[in-house]
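Participant: let's see this in three dimensions:
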Amino acid sequence: MKLKQSIRYQLEDFQMGILVYYCAAIAMTVLAFLAFAVYPGDSGIRVTGFSAITSVFLFVCGLCSLHENLPMALQNGVSRKTMFLARLAVTAITSAFCAVTDHVITAAANLAASPALGKSVSLLEQLFPGALPDHPVLSLTVSLLFSFSMLLLASTLGYCIICLFYRLPVYLRVVVGAAGGILLMFGLPGVKALDTLLFREQLRAFCAHYLEPLVNAIVSNPFSLMGSWVLAAGALSGISWLLLRRAIVR
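Facilitator: Residues are numbered from 1 along each chain as shown. You can find the predicted model right below:
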């Protein structure tokens, strides 16, 4: 019974954020179509890869899903295990709902658009043109699974990061946050420079020999990419549980 209550409580925590997000997304889409109707251009308006934006939103939701839920659960006699199982269920439910909603918005944009606007496409169609089956039901199913697996990964990644920061002492949070900011600022060029200065490009050779073939195999088709996303989400969920099982209320 506590599991159902915990799922319901955590779902209610998501409801308002999801409602505001989709109201804003629909409003921006409608405004874009109205702007094109008033000031038509040559390029047209298309809704493409909507789930990519939603993945950022669910990532942020994952980052905000621990600090209130953990003390609330423990104060009401809900174990960490029950709370985490509820979190997994809520992650799957919200990812599925958002995947379906994104496709509904894309389909509605296609129905409302004139031929001059161009066809709106899902993220799968944008990344892998021609990869969808010809059968409409199979095509929709594969596209929904693709969006669902990506959204699942984004949400679990955000939750894993906040679990890590929750367990770290304050000074390590500062160190990890600063290191992440530096990595985002300098990115790949900085890593290449460090590899040249410190490792004499051994890291680059290792990546070229082992990592690049693996990455190319994963991104070669949508099914291997979906499988890698699901496996990564499972691994991140396992790490989150290891971090959460002994977390104390702060």
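
Participant: if we ignore the residues flanking it in sequence, what's nearest the residue nearest the centre of the chain?
Facilitator: When C-alpha atoms, centre = their mean is applied to the chain, the residue found nearest the centroid is A154 (2.4 Å). Nearest in space to A154, with sequence neighbours left out and distances taken as C-beta to C-beta, 6 or more residues apart in numbering, is S55 at 3.9 Å. Backbone N, C-alpha and C define where each C-beta goes, glycine included.

Participant: can you tell me how far the one you found is from W241?
Facilitator: S55 sits at a distance of 22 Å from W241 (criterion: C-beta to C-beta, to the nearest Å).

Participant: more neighbours, those two?
Facilitator: S55 (24 against 17; other C-beta atoms under 10 Å).

Participant: part of a helix, is that one?
Facilitator: Yes. Secondary structure of S55 (DSSP: H, G, I helix; E, B strand; the rest coil): part of a helix.

Participant: that one reaches M150, doesn't it?
Facilitator: Yes. S55 is in contact with M150 according to C-beta atoms under 8 Å; the separation is 5.5 Å.

Participant: S95: what secondary structure?
Facilitator: Under three-state DSSP, the three-state class of S95 is helix.

Participant: please look at it and L145 and confirm they touch.
Facilitator: No. Contact criterion C-beta under 8 Å: S95 and L145 do not qualify, at 10.8 Å.

Participant: the more surrounded of the two?
Facilitator: Each of S95 and L145 has its neighbours counted (other C-beta under 10 Å); S95 has more, 25 against 17.

Participant: can you check the pLDDT for the spatially most distant residue from the centre of the chain?
Facilitator: Within the chain, the residue lying farthest from the chain centre (C-alpha atoms, centre = their mean) is R200, at 35.5 Å. At R200, the pLDDT value in this model is 73.
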